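*Asks:* Return a 3D structure for these sequence lines:
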Amino acid sequence: MQNRISPHTWNIAIGVLVLAIFPWPIGIYTLVRLLITGIAAYLAYQSFKNEMYYNPSWGWVFIIVALLFNPLFPLVLGRALWIPVDIISGILLLVHKRSFATMENGALEQASRGTGES
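*Replies:* Model (predicted):
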C-alpha cells in the first residue's frame with residue numbers, strides 16, 4: 001500500500017500562509033519559515049519517491065518553495081514582497097492538493113472496480 005499524504009498537510013501549510021499575510025511579531029515568521037520549509041520538503045520528497053504522487057515537476061516547485069522559506073539561510077525580502085510570495089505559495093499548495101485529491105479519487109475508484117467491490 002502506498003503512503004498517502006494527509007489532507008491536513010496541505011491545510012496546515014495553506015492556513016499558515018494565509019495567516020502570514022497579517023502583521024505578527026518576528027518570531028511568528030520564523031515559525032512560518034520552519035513549517036513551510038518542512039512541508040514543502042516533504043511534498044517534494046513525495047513527488048519524487050512515492051509512486052502514487054510521482055511528479056518531478058511538482059517536486060521541483062516544492063524544492064523552490066522550501067529554499068525560499070528556509071530558516072537557515074533566510075531570504076531577506078520586505079513585507080511588500082513576502083505577501084505575494086505567501087499568496088503564490090498558498091495557491092500552489094491548493095492547486096497541488098486539488099490535483100492529487102482528484103487523482104487519488106480516480107485511483108481508488110479504479111482499484112475498487114478492479115477488486116470487484118461496489
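*Asks:* any low-confidence regions in the protein?
*Replies:* Along the chain, segments meeting pLDDT under 70 span 1-2, 103-118.
*Asks:* Spell out, range by range, the strands that occur in it.
*Replies:* Using DSSP state E, no strands are found in the chain.
*Asks:* what's the burial count for residue 17?
*Replies:* Neighbour count of residue 17, defined by other C-beta atoms under 10 Å: 25. Quick note: C-beta positions are derived from backbone N, CA and C, even for glycine.
*Asks:* what separates the closest residue to it other than its chain neighbours from residue 26, distance-wise?
*Replies:* With C-beta to C-beta, 6 or more residues apart in numbering as the criterion, residue 17 has its nearest non-adjacent residue at 4.0 Å, and that residue is residue 90. Noted for residue 90: a distance of 21 Å to residue 26, by C-beta to C-beta, to the nearest Å.
*Asks:* Residue 17 and residue 84 touch, don't they?
*Replies:* No: in this structure, residue 17 is not within contact of residue 84 by C-beta atoms under 8 Å, at 11.3 Å.
*Asks:* So which residues of this protein form helices?
*Replies:* 7-19, 26-49, 56-69, 79-114 (DSSP state H).
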